[in-house]
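Asker: I need the structure of the sequence given here:
(one chain, ligands or ions: 1)
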Amino acid sequence: MQAIRWRQDALDLLDQTKLPQEEIWHTYQTAHDVAQAIRDMKVRGAPAIGTAGAFAVAVEANRLQGSNNLRAQLLQAVAHLRQARPTAVNLNWAMDRMEAVIAATDDDTKLAEALYAKALQIAQDDLRVNRAIGDAGAALFETGVRILTHCNTGSLATTGYGTALGVIRSLHANGQLTHVFADETRPYLQGARLTAYELLHEGIPFDIVTDSMAGHLMQQQMVDAVVVGADRIAKNGDTANKIGTYALAVLARYHGIPFYVAAPTSTIDLATTSGADIPIEQRSAREVTEIFGQSIAPVGATALHPAFDVTPGELVTGIITEFGVVRAPYEESLPALLKEEF
Ligand SMILES: CSC[C@@H](O)[C@@H](O)C(=O)COP(=O)(O)O
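Answerer: Next up is the predicted model:
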């Protein structure tokens, strides 16, 4: 399953706002339009928006080939893409890499080719990295495990395979998995719409549960571990992820259940000291008061919509990366991990 397809002159995105009812692909030929698609969540999930952003710059370079101020226009496109969604650091991570290619390529006629090659590498690395996360995560568990997960962290949220859902895929492939509980994930319903779509496709046994059922399931001893993704991990292990994740971590701690974050090292942001410094995207209240354009609240009702929350590192049992599982104290283990591997 794949939600992003690329070629040098265009990017195709599977419209995730329409899934699972409709499988509609849109074609994009400008960075501006891809930025809008990211904002509108037609493509979403931290690694996926990084990959889409990288191809957006490549497509833009292809479109602008031969124009006078190519470099300045590309840097403008990069800056514009960076702002499409603020919380997931993978978009910035990918833009840093595209900007480095622009800086390192002296010959303007070579820019389009070099940027496409870098975008391709980002996409291919993401797939490889996710498989490694899946293996590292699966090694944590015995056979017969029941996992609760939140939001969508699968093929749709990445270039392929997934992070937390990659761990679930690997557990299933190894015959270790008994059951998945997929939080519906209000208000965007990434769990009920997208995770369920992927799990059904893979034949993985699961139930959709509303976000508010998690505590009850834990109390009934139906959950062995919580595995979620991340949008940004600060140096101290504080982790921003889809709204509702923090509540799961608190519940897991109360019930003595391990709480794992599965994420590529591109999601670790050592420049952000703690979760307090992570920008939290505030989205439209209408995404809360309406479902598929239908109002579910009385006219005049107001609503809040922080799209992410921050789970303190002290509640995170371990962070599953492509290089293995790291544990607290994160101020030490995360910088050591990044230093060692790069
Ligand atoms: C591998 S995806 C990791 C995170 O990006 C995911 O858990 C999440 O919070 C996605 O939020 P979204 O608003 O759907 O982009």
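Asker: leaving out chain neighbours, which residue sits closest to residue 108?
Answerer: Leaving aside its chain neighbours, residue 108 sits nearest to residue 70 (5.3 Å; criterion: CB to CB, 6 or more residues apart in numbering). No exception for glycine: its C-beta is placed from N, CA and C like everyone else's.
Asker: contacting residues for that neighbour?
Answerer: Neighbour list for residue 70: 61, 64, 108, 111 [criterion: CB atoms under 8 Å, 6 or more residues apart in numbering].
Asker: now swap in residue 176 and tell me
Answerer: Contact analysis of residue 176 by CB under 8 Å, 6+ apart lists 138, 141, 142, 143, 144, 145.
Asker: what's the burial count for the residue in the stretch 101-250 of the chain that the ligand sits nearest to?
Answerer: Residue nearest to the ligand within the stretch 101-250 of the chain (CB to the nearest ligand atom): residue 229, separated by 2.9 Å. Per other CB atoms under 10 Å, the neighbour tally for residue 229 reads 32.
Asker: what sits against it?
Answerer: Contacts for residue 229 were tallied using CB under 8 Å, 6+ apart; they are 45-46, 151, 153, 157, 162-165, 241-242, 261-263.
Asker: and these, which of them are in strands?
Answerer: Secondary structure from DSSP state E places 241, 242, 261, 262 of these in strands.
Asker: residues of the stretch 201-342 of the chain that sit close to the ligand?
Answerer: Proximity of the stretch 201-342 of the chain to the ligand (CB under 6 Å from any ligand atom) is limited to residues 229, 230, 231, 241, 242, 307.
Asker: ranking these by neighbours, who comes first?
Answerer: Within these, most neighbours by other CB under 10 Å means residue 229, with 32 neighbours.
Asker: count the neighbours of the nearest residue to that one once chain neighbours are set aside for me.
Answerer: For residue 229, ignoring the flanking residues on the chain, the nearest one in space by CB to CB, 6+ apart is residue 153 at 3.5 Å. Residue 153 sits with 34 neighbouring residues when counted by other CB under 10 Å.
Asker: how much space is there between residue 250 and residue 146?
Answerer: Taking CB to CB, to the nearest Å as the measure, residue 250 and residue 146 are separated by 20 Å.
Asker: ah, wrong one, I meant residue 334
Answerer: 29 Å.
Asker: need the pLDDT of the residue nearest to residue 229.
Answerer: Per-residue confidence for residue 153 comes out at a pLDDT of 98.
Asker: could you do the one 10 residues further on as well?
Answerer: The score at residue 163 is 98. That number is its pLDDT.
Asker: quick one: it and residue 157 touch, right?
Answerer: Yes: in this structure residue 163 lies within contact range of residue 157 using CB atoms under 8 Å: 7.4 Å.
Asker: between the two, which contacts overlap?
Answerer: By CB under 8 Å, 6+ apart, residue 163 and residue 157 have these common neighbours: 47, 229.
Asker: ok, the two, which is more surrounded?
Answerer: When residue 163 is set against residue 157 and neighbours are counted by other CB under 10 Å, the residue ahead is residue 163, at 32 against 29.
Asker: for residue 138, which non-adjacent residue is closest in space?
Answerer: In this structure, residue 138 finds its nearest non-sequential neighbour in residue 170, 3.9 Å apart by CB to CB, 6+ apart.
Asker: cool, and residue 297?
Answerer: Counting by CB to CB, 6+ apart, residue 289 is the residue found nearest to residue 297 once chain neighbours are left out, at 4.1 Å.
Asker: helices of the stretch 201-342 of the chain, residue ranges please.
Answerer: Applying DSSP state H, counting those that start in this stretch to the stretch 201-342 of the chain gives helices spanning 214-219, 245-255, 286-289, 330-341.
Asker: now for the longest one, which elements pack on it?
Answerer: It stands for helix 330-341. Contact analysis of helix 330-341 by 3 or more CB pairs under 8 Å, 6 or more residues apart in numbering; DSSP states H and E lists strand 268-269, strand 318-321, strand 324-326 as its packing neighbours.
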